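Peer 1: missing the sequence, but the structure's below:
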């Protein structure tokens, strides 16, 4: 139980608690103005301080991480398993937990410095897990096991996210954590819940294998096992072809030079052939020119003119004869020139034929070498292609292996999941008596509030435990919060029979938001009765305008007033828990 909450600053109001029912009241007085607010008086801060000293995380958004609260040391006096312990934690030196008391039975012993005996926060959580919930080192070391911080958060609902459902203590809580923690509280085998998560992990791994197997060699390719095997055959054949080509490949050391020489020869041959073609055309023209020379004698000219009815005088005939002689001389000279050129062209053509023959023969020899050998570059290209194919072959082998592993793993997963489901069901049936007791207690709690029993259900699915609560009360406000109230009360009622337990339940005033006054009255009465009967401490913070005095039964108003451990007021600047406003 919690005996007191203190601080090393004088402005802080020490809060002392007693066994059983305890109320922290935020009171609005007649002197306070309409602009004053009870929300900043310290109700939630008080709960945060208790949680802080129980080893909660201390992130930047924590309400105690305000600049005005730097270097404040908060202390909580606990009684744990019959031993009184004082726990202190400083907002600036928050990584150390200072303790005073008998720690001889603790699994981890404190260290000492000039300020006192202290523990690391992580070690403090291990100790609290052992003292309050019996969490041994063997349990803590297991994967997906309950932890002190998770379990204690059902005893101290200090954030808005913890008032969403009975089974979650924060909004982003993972499913396995929900299953494990509530199985622990309800007396079920939490290890089965853990094993369901391990199977889920295995399924996630299998899904990754399947995705890997579906990453085809071609974009968008998705292969079945049969398609992958067929793809493999084609790749293996290509790999063998390239290996054979490389095995018979002969690399000539001067391959590149020979190739260049052969190309140069080809170029020269083309030049000579082109020149020879030109020479042959010219030769033909010259030969045709010689054969086409015409007879232009005087007699022939006379005959032409006579046929036209014209006659040459003798003196004109003399001049014409001279002209014919000159023309014949020109023709003779031209014929001699052409004959000389024809002989020259024939010699050139013969030489060109010889050169083409020689160059072609030499080129043929070089091409034969190139045909029988290969360049190093070509060899490297073949090797690169082979490497690429072998890489594809390795990829497809991996995909086949992954797909086979997936198919086998999926089969094993289905078998193991069904075996675990059946094993969990058998265990659940064996615990039927204790389970029914828990269900009955919840039903009675809800019936006390609404005059008809609610329903706490536990189902065994192929994903593990599934919890649900129902309170059939149409038209009533705040039923969701009252589901949480009844369930939290159930947890502490069940824990009353255990040796290791926190022995306290703390609710912020949020639990009563939107709840009908009659149900608020019934809830407070039930909390007082059950905490007294079952030996645990119930602490609630509540605003004065939430107190349903008219709906209290019998003398409960007196019990309620006697249970108020401290009143915060907004009538003065120092009326809140911290004694300061900021």
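Peer 2: Here it is on my side, so go on. Note that the structure is a prediction, hence the values are computed from the model and not measured.
Peer 1: does residue 187 touch residue 441 like I think?
Peer 2: No - using CB atoms under 8 Å, residue 187 makes no contact with residue 441, being 11.5 Å away. Bear in mind the C-beta positions are built from the backbone N, C-alpha and C, glycine included.
Peer 1: touching both of those two, which residues are there?
Peer 2: Counting by CB atoms under 8 Å, 6 or more residues apart in numbering, the residues touching both residue 187 and residue 441 are residue 494.
Peer 1: helix or strand for residue 44, which one?
Peer 2: helix 43-53 (DSSP states H and E).
Peer 1: so after that helix, what's the next helix or strand?
Peer 2: Once helix 43-53 ends, the next helix or strand along the chain (criterion: DSSP H and E) is strand 73-80.
Peer 1: that next one pairs with which strands, and in what direction?
Peer 2: Note on strand 73-80: by DSSP bridges, its sheet partners are strand 2-7 (antiparallel), strand 83-90 (antiparallel).
Peer 1: of those strands, which is nearest residue 463?
Peer 2: Checking these against residue 463 by CB to CB gives strand 2-7 as the closest, at 37.4 Å.
Peer 1: who's in contact with residue 492?
Peer 2: Residue 492 is in contact with 155, 501, 505, 530, 531, 534, 536, 538, counting by CB under 8 Å, 6+ apart.
Peer 1: what sits against the fifth one?
Peer 2: With contacts defined as CB under 8 Å, 6+ apart, residue 531 is in contact with 20, 21, 492, 505, 537, 538.
Peer 1: and the third one, how far is that from residue 535?
Peer 2: Pointing back at residue 492 there. Residue 492 sits 9 Å away from residue 535, going by CB to CB, to the nearest Å.
Peer 1: tell me where the stretch 451-582 of the chain has strands.
Peer 2: Assigned by DSSP state E, counting those that start in this stretch, the strands in the stretch 451-582 of the chain fall at 455-461, 464-470, 504-507, 537-543, 564-569.
Peer 1: the first one - contacts with which helices or strands?
Peer 2: Secondary-structure packing of strand 455-461 (3 or more CB pairs under 8 Å, 6 or more residues apart in numbering; DSSP states H and E): helix 376-430, helix 432-450, strand 464-470.
Peer 1: closest one to residue 560 among those?
Peer 2: Across those, residue 560 has its closest neighbour in helix 432-450 (16.5 Å, CB to CB).
Peer 1: secondary structure class of the residue lying closest to residue 405 once chain neighbours are set aside, three-state.
Peer 2: Closest residue in space to residue 405, ignoring its immediate chain neighbours: residue 209 at 5.6 Å, by CB to CB, 6 or more residues apart in numbering. Following DSSP: H, G, I helix; E, B strand; the rest coil, residue 209 is assigned to helix.
Peer 1: okay, the strands paired with strand 73-80 in JSON lines with distance to residue 363 next?
Peer 2: Converted to JSON lines, those look like this (distance: least, CB to CB, whole Å):
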{"stretch": "strand 2-7", "distance to residue 363": "103"}
{"stretch": "strand 83-90", "distance to residue 363": "95"}
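Peer 1: in a markdown table: those, plus mean neighbour count, mean pLDDT and distance to residue 335.
Peer 2: Listed next are the strands paired with strand 73-80 as a markdown table, based on neighbours: other CB atoms under 10 Å; pLDDT from 0 to 100; distance: least, CB to CB, whole Å:
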| stretch | mean neighbour count | mean pLDDT | distance to residue 335 |
| --- | --- | --- | --- |
| strand 2-7 | 19 | 98 | 137 |
| strand 83-90 | 18 | 97 | 129 |
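Peer 1: averaged pLDDT, whichever strand or helix holds residue 176. What do you get?
Peer 2: Using DSSP H and E, residue 176 sits in helix 175-185. For helix 175-185, mean pLDDT rounds to 97.
Peer 1: what about the residue lying closest to residue 225 once chain neighbours are set aside, distance to residue 396?
Peer 2: Excluding the flanking residues, the one nearest residue 225 by CB to CB, 6+ apart is residue 403, at 5.3 Å. In this view, residue 403 and residue 396 are 10 Å apart by CB to CB.
Peer 1: common neighbours of the two, please.
Peer 2: residue 228.
Peer 1: any stretches of the stretch 1-150 of the chain with poor pLDDT?
Peer 2: In the predicted model, the stretch 1-150 of the chain carries pLDDT under 70 at residues 29-39.
Peer 1: and stretch 487-502, end to end?
Peer 2: Stretch 487-502 has an end-to-end distance of 16 Å (CA to CA, to the nearest Å).
Peer 1: same question but for stretch 150-170, I mixed them up
Peer 2: End-to-end distance of stretch 150-170 (CA to CA): 10 Å.
Peer 1: so residue 183 sits against residue 192, correct?
Peer 2: Yes - Residue 183 is within contact range of residue 192, at 7.4 Å (criterion: CB under 8 Å).
Peer 1: which neighbours do the two share?
Peer 2: With CB under 8 Å, 6+ apart as the test, residue 183 and residue 192 both reach residue 465.
Peer 1: care to break the protein down by domain?
Peer 2: According to automatic domain parsing, the chain comprises the domains 2-174+487-569, 255-373.
Peer 1: any idea which of the ones you listed is most buried?
Peer 2: Mean neighbour count (mean count of other CB atoms under 10 Å) peaks for domain 2-174+487-569 among the domains of the chain, with a mean of 18.
Peer 1: residue 151 versus the residue lying closest to residue 434 once chain neighbours are set aside, what's the distance?
Peer 2: With CB to CB, 6+ apart as the criterion, residue 434 has its nearest non-adjacent residue at 4.8 Å, and that residue is residue 187. Residue 187 is 14 Å from residue 151, where distance means CB to CB.
Peer 1: which residues does the closest residue to residue 553 other than its chain neighbours contact?
Peer 2: Spatially, and ignoring its direct neighbours in sequence, residue 553 is nearest to residue 525 (6.2 Å; CB to CB, 6+ apart). Counting by CB under 8 Å, 6+ apart, residue 525 makes contact with 448, 552, 553, 556.
Peer 1: please apply the same query to residue 146.
Peer 2: 133, 135, 139, 180, 181, 184, 190.
Peer 1: correct me, but the second one touches residue 129?
Peer 2: Looking back up the chat, that one is residue 135. Yes - in this structure, residue 135 is within contact of residue 129 by CB under 8 Å, at 3.6 Å.
Peer 1: many thanks, I have nothing further to ask.
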